[in-house]
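Asker: What follows is a predicted protein model with its sequence.
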Amino acid sequence: YYNEKSILYYDGKFLKATKASTDLYGQSLHYGYAVFEGIKAYKTTNGTKIFKAEEHYDRLGRSAELMMMPFDHTTPEMIEITYELLEMNNLSNAYIRPLVICSPNMALSKGLKSFLVIEAWNWDNGYLSEGLRVMTSSFERPNPKAFKIEAKVSGHYVNSILASQEAKEKGFNEALLLDECGNVAESSGANVFYEKDSKLYTPEKGSILPGITRAAVFEICDQLGIKYEEKRFKPEEMKGADAAFFCGTAAEIVALESLDKVPFQLEWKKSTSALVQKAYRHLVLNEDYTYLKNQLQYV
Ligand code: PMP
C-alpha cells in the first residue's frame, strides 16, 4: 500500500507515509470508533477522475455525524485535497482511503477531536474472469438496532472479517450475510443483486450499507431501461436465479458463479447483469450514456 515515497494527508498536512504516526491512547484504535470511505480514481480520456467523489465524501460526513464526531471538513475541500494527493503520489488508477479517527481519549463517549487521514495507492484495473463461489455466512450482519448500519464505521468490519475468513476457510471465495430476520443483506464489503427474467433484485435499505455502486447500478438501469426492484428476500429465493453479482467500489461489478454450491443458470455473458457490468466499466471512465447506449446497442 505504501513505500518510502508515499505521501498521505493527515490533519491538515501532507506527510511521508513512513513518517506519519498516531497515538496509542485513542477510542478509534481501542473501540473501532472511526469512520472511513473507499473511493476509486480512474485514468480517463479527460485525465484522472475520482468516481462519485461527492457521494463518497458526503457519506463520510454523514458517517461522522451519525457517530457524533466533531468533523468540519466540507466535501469540496476533501475532493480538492484528494486530487492534490493523487498528483503528489503520481497516481491515476488508484484506491483512495479517507479515515476519520478520534483521539486522544479513552472514554466511552463521543469523540472530542477528530483527525482526517487520506491515503491513496495504485490500483491496476484488472477484472476477474471467473465468477465468485459464495456461501451463506453463519455470521449475520450487525443488527441495525445495535449499530448505525448505514454509516461506514471501522468497527463494523470486524463482522466482515469474520464472515469473509469463514468463507475462505470453507473453500468459498466470499460470504453472503443475512440480516437478523434471515433475509439476504450483503457481502462482507459489497452489495448484492440477483437477476430473474431480465429483472434485477436487491435488498432494500435497513440492514445494509447503501452502496454508491448500488446507486450507480440503479442509474444505469434507469438509463438503459432495465427493470429493478429493492425488496426483502431469503437466500432460497436467490439460489438458482438466472444470475447474481456483488457490487462495490473496490469489486465494481463481479459475477457470482454459485450460492452454497447452487449455480446461477445463465451463462454470465448472456445475462442482463453482464450488460450492467459493461455499462459500469464505461461509466467509471467518464463516458456518457449516449456513448454507452451506442456501445451496448441496447434500446
Ligand atoms: N456493503 C459493505 C459492507 C461495504 O463495505 C461496501 C463497500 N464500501 C459496500 C456495501 C458497497 O459500497 P460502495 O458501493 O459505496 O463502495
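Answerer: All right, it came through fine. Residues are numbered from 1 along each chain as shown.

Asker: in the chain, which spans are helices?
Answerer: 27-31, 53-66, 75-88, 157-169, 212-224, 235-238, 272-284, 289-296 (DSSP state H).

Asker: I'd like to know which of those lies nearest to L8.
Answerer: Among the helices of the chain, the nearest to L8 by C-beta to C-beta is helix 75-88 (7.3 Å). C-beta: built from backbone N, CA, C; applies to glycine.

Asker: Please point out which parts of that closest one sit buried.
Answerer: By 16 or more other C-beta atoms under 10 Å, the buried positions in helix 75-88 come out as 75, 78-79, 81-82, 85-86.

Asker: Packing partners of it?
Answerer: Other helices and strands packing on helix 75-88, by 3 or more C-beta pairs under 8 Å, 6 or more residues apart in numbering; DSSP states H and E, are strand 7-10, strand 13-16, strand 39-44, strand 47-50, helix 53-66, strand 94-102, strand 114-122.

Asker: Just checking the distance from it to the centre of its chain.
Answerer: 20 Å (C-alpha atoms, centre = their mean, to the nearest Å).

Asker: pLDDT on that helix, on average?
Answerer: Mean per-residue pLDDT for helix 75-88: 98.

Asker: still on that earlier bit, got the helices of the chain as TSV, with distance to the ligand columns?
Answerer: Formatted as TSV, the helices of the chain follow (distance: least, C-beta to the nearest ligand atom, whole Å):
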stretch	distance to the ligand
helix 27-31	18
helix 53-66	7
helix 75-88	15
helix 157-169	6
helix 212-224	3
helix 235-238	17
helix 272-284	11
helix 289-296	19
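
Asker: which one of these lies closest to T249?
Answerer: Comparing the helices of the chain against T249 with C-beta to C-beta, the closest turns out to be helix 212-224 (5.8 Å).

Asker: among the helices of the chain, which gets the worst mean confidence?
Answerer: Lowest mean pLDDT of those: helix 289-296, a mean of 69.

Asker: mind giving me the domain ranges of the chain?
Answerer: Per the record, the chain has its domains at 7-122, 132-296, by automatic domain parsing.

Asker: How far off centre is the last one?
Answerer: It refers to domain 132-296. That offset, for domain 132-296, works out to 10 Å (C-alpha atoms, centre = their mean).

Asker: unless I'm mixing things up, L256 is touching F264, no?
Answerer: Yes - shown here, L256 and F264 form a contact pair, counting by C-beta atoms under 8 Å, at 6.2 Å.

Asker: who touches both of those two?
Answerer: Common contact partners of L256 and F264 (C-beta atoms under 8 Å, 6 or more residues apart in numbering): 131, 243-244.

Asker: out of those, who's near the ligand?
Answerer: Counting by C-beta under 6 Å from any ligand atom, the subset of these that neighbours the ligand is empty.

Asker: What is the nearest of these to the ligand?
Answerer: Using C-beta to the nearest ligand atom, A244 comes nearest to the ligand of those, at 14.9 Å.

Asker: dump the residue contacts of that closest one.
Answerer: Neighbouring residues of A244 by C-beta under 8 Å, 6+ apart: 192-195, 238, 255-256, 259, 264, 273.

Asker: re earlier: can you name the two of the buried residues of helix 75-88 that sit furthest apart?
Answerer: T75 and L86 (16.6 Å).

Asker: list the contacts for the closest residue to A255 other than its chain neighbours?
Answerer: Spatial nearest neighbour of A255, chain neighbours left out: G131 (4.0 Å); criterion: C-beta to C-beta, 6 or more residues apart in numbering. Residues in contact with G131 (C-beta under 8 Å, 6+ apart) are 254-258, 264, 268.
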